[in-house]
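Engineer: Based on what follows, work out the 3D shape:
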Amino acid sequence: MILNPSKRRKKAFGLAFKIIGSYLKLRILKKLISSDSYQKKLIVLHNKNAIRIKETILELNGLFIKVGQLLSILSGVIPKEFGEALESLQDKTPHSPFAITKKSIENELNDSLENLFAEFAETPIASASIGQVHKAKLKTGELVAVKIQHPYIKDLAKVDLDIIERLHKKISFFFKVNGLDHAFNQVKLMIYEELDYTKEASRMQEIKENCKEIKGVLIPTIHSAYSSPLILTATFYEGVKITDTVQMAEWGINSNEIAERLVFTYCEMLMNHGVYHADPHPGNLMINKEGNLIILDFGAVGELKEEMRANIPPFIQAILAKDNDKIMECLQKMEFISKEKTNDKATKQIVEALTEFLQDGINMESFNFENIKESSLFKLQKKLSLKELTTSLDVPKDWILLERTLLLLYGICTTIAPEYKAMSTVKPYLKKLVLKDGGLQKIIVDTLKTQATTLFALPKKIDAYLSKANQGELEFEISNLDSNTNKLYAVGQQLLFGLLAGIFLIGAMVSSTYQATGYQTLFHVLATVCGVFLIVSVIKNRKK
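Structural biologist: Reported below is the predicted structural model:
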């Protein structure tokens, strides 16, 4: 790990100029070679530069590791080779000498280590970019985990963030990656928050309170008397990483139940409270012998702002009703699409594919990676260029941490319980969101309106004829007026009964989807009555 500021800058900028130069060189070469050859060379270059970035980040370590992990969420708009390299980064930093750690603790808590703790392990049990964790025992006999910041971290954070900001400006000058500004601002904000353990303690207790009714989930209790902005002391829990399926099997713990509890807990945090633990990698999720899920390290906490949360229910309702205009409106309110981009061809394609993708996800019982690979969204990503994707969609700030969180959760569930279907846990929460505040009634009404509008919409030429007739400008002669009038009346009657039967059947299907038995029965009865009247009308008028 390089601690010297000037050497860190030299290493980082040297890499940046080398990568930028390699792409500019290929861009010039593009005019001299075929499109297929260019694409092959571009993929090779992506792989080469991805390895360069990973090796340099590992050498610099510190906050570059954390920044790399957070930026990996942009794998949807940056080359996948970069996303894969950044996702594989591990947050491992050499620990500080015990003498320095001891001095820091005593200065912060204004007492000697011997007076504060009955026992204190000199070797840390974990060390990351910002701090390290020691196991200790209070005078009361309770085991605790003491997290203490590295003494150099604040100065190093300023240096690294300055380097990253300058790199960001230089990269943006040559290559526009939509969403990178949001990502960098979020990363910077998150790092500064992580440097203040008081905020972490507050968020940890908030989430602990929000999840207190969930059985089998443990979140450490903060010991305020032994904590400060640079020290965090909390309950110590024994356990193994959530991905240690061998140990869990020996303990007789069902991995599917653990995966279900994990997803359920995140549904509770996200959909009921909007505040969630945003770093669910295996090192922060533990399982003990009793099968309890232990959630650790709340340095990264995400929050969905009210505008985002408020528009999730109408967004799902619009998807179910296949109302593209409403879907577009919700995406605008959630800051995924700006108003000036709503008529853009690529944007419309993306929204249509997204709608189909989410409709499949909401309706199917199982939703796995194979479904995603065959989805309209996945196929669209192959059709549209990187430029079209990045200029059509924005990356809301709330989404930066959320997307990474969901990807980590998906990876853990796939690892420990490949057969587990997360949609079986998520669906009840989606239904609760959609059905609140008269949601079912709104879906049914909107669906009926859409169907009725479609069925009653007339072609423009017919509409023009009707307009002329209404204004007395259309002349025509009808023979056998009484007979034809009766037939026209019968046809109109049959059309009406058929239309109503169809509408009521749609209402019954929507009600069935959300298990609204009362609505479903009512619509079935109405559809049956209209069907009987239709049959009677057809038989009666055939005889004429």
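Engineer: The stretch 201-350 of the chain: strands as residue ranges?
Structural biologist: For the stretch 201-350 of the chain, the strands defined by DSSP state E, counting those that start in this stretch occupy 217-218, 231-235, 240-241, 275-277, 285-287, 293-295, 301-303.
Engineer: quick one, which of those strands is nearest to Ser127?
Structural biologist: Of all the strands of the stretch 201-350 of the chain, strand 231-235 sits nearest to Ser127, with 14.5 Å by C-beta to C-beta. For glycine as for every other residue, the C-beta is placed from the backbone atoms N, C-alpha and C.
Engineer: tell me what the closest one is packed against?
Structural biologist: Contact here means 3 or more C-beta pairs under 8 Å, 6 or more residues apart in numbering; DSSP states H and E; on that basis strand 231-235 packs against helix 98-109, strand 143-149, helix 197-210.
Engineer: how about a markdown table for those, with mean pLDDT, mean neighbour count and distance to Leu331 added?
Structural biologist: Listed next are the helices and strands packed on strand 231-235 as a markdown table, based on pLDDT from 0 to 100; neighbours: other C-beta atoms under 10 Å; distance: least, C-beta to C-beta, whole Å:
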| stretch | mean pLDDT | mean neighbour count | distance to Leu331 |
| --- | --- | --- | --- |
| helix 98-109 | 94 | 16 | 47 |
| strand 143-149 | 96 | 21 | 40 |
| helix 197-210 | 94 | 18 | 28 |
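Engineer: Of these, which is nearest Ile20?
Structural biologist: Proximity to Ile20 (C-beta to C-beta) singles out strand 143-149 among the helices and strands packed on strand 231-235, at 34.2 Å.
Engineer: Not counting the closest one itself, show me its contacts.
Structural biologist: The contact list for strand 143-149 (C-beta atoms under 8 Å, 6 or more residues apart in numbering) reads 101, 104-105, 117, 120, 125, 130-138, 195, 197, 220, 223, 226, 230-236, 296.
Engineer: by how many degrees do that strand and strand 231-235 diverge?
Structural biologist: Calculated by axes from the mean of the first three to the mean of the last three C-alpha atoms, to 10 degrees, strand 143-149 forms an angle of 160 degrees with strand 231-235.
Engineer: that older thread, identify whichever of the helices and strands packed on strand 231-235 lies nearest to Met328.
Structural biologist: Of all the helices and strands packed on strand 231-235, it is helix 197-210 that lies closest to Met328, at 32.7 Å by C-beta to C-beta.
Engineer: relative to strand 143-149, how tilted is the closest one?
Structural biologist: 140 degrees.
Engineer: Save the strands of the stretch 201-350 of the chain as a markdown table, and put in mean pLDDT and mean neighbour count too.
Structural biologist: Putting these into a markdown table (pLDDT from 0 to 100; neighbours: other C-beta atoms under 10 Å) gives the following:
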| stretch | mean pLDDT | mean neighbour count |
| --- | --- | --- |
| strand 217-218 | 97 | 18 |
| strand 231-235 | 96 | 23 |
| strand 240-241 | 94 | 18 |
| strand 275-277 | 93 | 22 |
| strand 285-287 | 96 | 23 |
| strand 293-295 | 97 | 22 |
| strand 301-303 | 87 | 21 |
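Engineer: Just tell me which of these ends up closest to Leu15.
Structural biologist: Of all the strands of the stretch 201-350 of the chain, strand 301-303 sits nearest to Leu15, with 29.5 Å by C-beta to C-beta.
Engineer: ok, and what's touching the closest one?
Structural biologist: By C-beta under 8 Å, 6+ apart, the surrounding residues in contact with strand 301-303 are 193, 200, 203, 207, 274-278, 398, 401-402, 405.
Engineer: who does that strand pair up with?
Structural biologist: Next to strand 301-303 in the sheet, as set by DSSP bridges, lie strand 275-277 (antiparallel).
Engineer: contact partners of the partner strand?
Structural biologist: Strand 275-277 is contacted by residues 203, 206-207, 210, 266, 269-270, 284, 295, 298, 300-303, 402, 405 when judged by C-beta under 8 Å, 6+ apart.
Engineer: try 10 Å this time
Structural biologist: Residues from elsewhere that reach strand 275-277 (C-beta atoms under 10 Å, 6 or more residues apart in numbering): 203-204, 206-207, 210-211, 219, 265-270, 284-285, 295-304, 401-402, 405.
Engineer: Also stretch 241-251?
Structural biologist: Applying C-beta under 10 Å, 6+ apart, the set of residues contacting stretch 241-251 from outside is 239-240, 253-255, 258-259, 262, 280-291, 293-295, 411-413, 415-417.
Engineer: Now with 7 Å, please.
Structural biologist: The contact list for stretch 241-251 (C-beta atoms under 7 Å, 6 or more residues apart in numbering) reads 240, 255, 258, 282-283, 285-287, 289, 412, 415-416.
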